[in-house]
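Chemist: How does the following fold in three dimensions:
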Amino acid sequence: FKGKIPVYFRGDSTLIDETAGLKTILRRFWLRLVYRYIDIAFYVGTENKKYYLKHGLIEKQLVFAPHAIDNERFYDHSGIYSEKAKKWRYELGFKDSDKVVLFVGKFEAKKNPLLLIDAAKKLPELKFLLVGNGVLESELKKYASKNIVVLPFQNQSVMPIVYRLADIFVLPSKGPGETWGLAVNEAMACGKSVLVSDKVGCAVDLVKPNENGFVFKSEKLSDLIKKMISFKNKTSEFGKKSKEIIENWSFYKITNTIENTI
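Modeler: Residues are numbered from 1 along each chain as shown. Take a look at the predicted model:
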């Protein structure tokens, strides 16, 4: 199609997990050849843009079309999600005064949920709620205690309630392959403060340090704990900022951008 009709491309690859070596050199050479046939690439965020630039595309070929979820589905206009979450919190044994840290996703090495078990042992004053399933499920359940609760995978229709069980949403991924982390979008649409590792693709775009959350050094327990303590009593304030930020990362923004470009 090159030279006959425009070729548009959209993906979410990043350079976050890239390591120096022969494989990287060969891969870059091959991808630069592939991207020569692209007229316009829609980049989803800062890290994705860096990836395209590294593989031969130039600024005028790049158009921002943000990674997004259906924000409206997670908003709580009637307050019913918050009501159900409050009741569920009580059933889980959480008090109103408890600060709950939530992880949602696959229980797999890439997501690094075991790091939260180590954090829970160091921070008994916090409650940790892990929701999902995967190969690490049995290992995580071994550590269930007074401040660690593990719940199975939940249907998508329940997720707007699940996020509202928490005060802080955390994504401690170590990769490789956490190109974005759409669960962060979902948590922010639910008005939650966020804490993510620097291996999460959306970190640089969605997490504004000391405004709606923090970014910690991947796999570094001490930094994770330090950042958790830094939230103090700001989780509600941070959550409001999260919702404000995520409004600009919407389906409408994606479709509008693509339509205008075409």
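
Chemist: Please enumerate the strands of this protein.
Modeler: Remark: strands assigned in the chain by DSSP state E are 8-10, 40-43, 62-64, 99-104, 126-131, 148-151, 168-171, 193-197, 213-216.

Chemist: Nearest to Thr19, out of those strands?
Modeler: Among these, strand 193-197 comes nearest to Thr19, with 17.2 Å by Cβ to Cβ. The C-beta positions use only the backbone N, C-alpha and C, and glycine is treated the same way.

Chemist: Which neighbouring elements make contact with that closest one?
Modeler: Helices and strands touching strand 193-197, by 3 or more Cβ pairs under 8 Å, 6 or more residues apart in numbering; DSSP states H and E, are strand 168-171, helix 182-189, helix 203-206, strand 213-216, helix 221-230, helix 235-246.

Chemist: what do you get if the cut-off is 6 Å, keeping everything else the same?
Modeler: Under the contact criterion of 3 or more Cβ pairs under 6 Å, 6 or more residues apart in numbering; DSSP states H and E, the helices and strands touching strand 193-197 comprise strand 168-171, strand 213-216, helix 235-246.

Chemist: Mean pLDDT added to the strands of the chain, as CSV?
Modeler: Below are those laid out as CSV (pLDDT from 0 to 100):
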stretch, mean pLDDT
strand 8-10, 96
strand 40-43, 98
strand 62-64, 98
strand 99-104, 98
strand 126-131, 98
strand 148-151, 96
strand 168-171, 98
strand 193-197, 98
strand 213-216, 98
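
Chemist: Quick one, which of those strands gets closest to Arg28.
Modeler: In terms of Cβ to Cβ, the element of the strands of the chain nearest to Arg28 is strand 40-43, at 15.8 Å.

Chemist: Could you list the paired strands of that closest one along with their orientation?
Modeler: When sheet partners are counted by DSSP bridges, strand 40-43 sits next to strand 8-10 (parallel), strand 62-64 (parallel).

Chemist: For Val207, which of those strands is the nearest?
Modeler: For the strands paired with strand 40-43, distance to Val207 was read as Cβ to Cβ. The smallest value, 18.0 Å, belongs to strand 62-64.

Chemist: Run through who's touching the closest one.
Modeler: 40-43, 52, 261 (Cβ atoms under 6 Å, 6 or more residues apart in numbering).

Chemist: Fine by me, we can end here.
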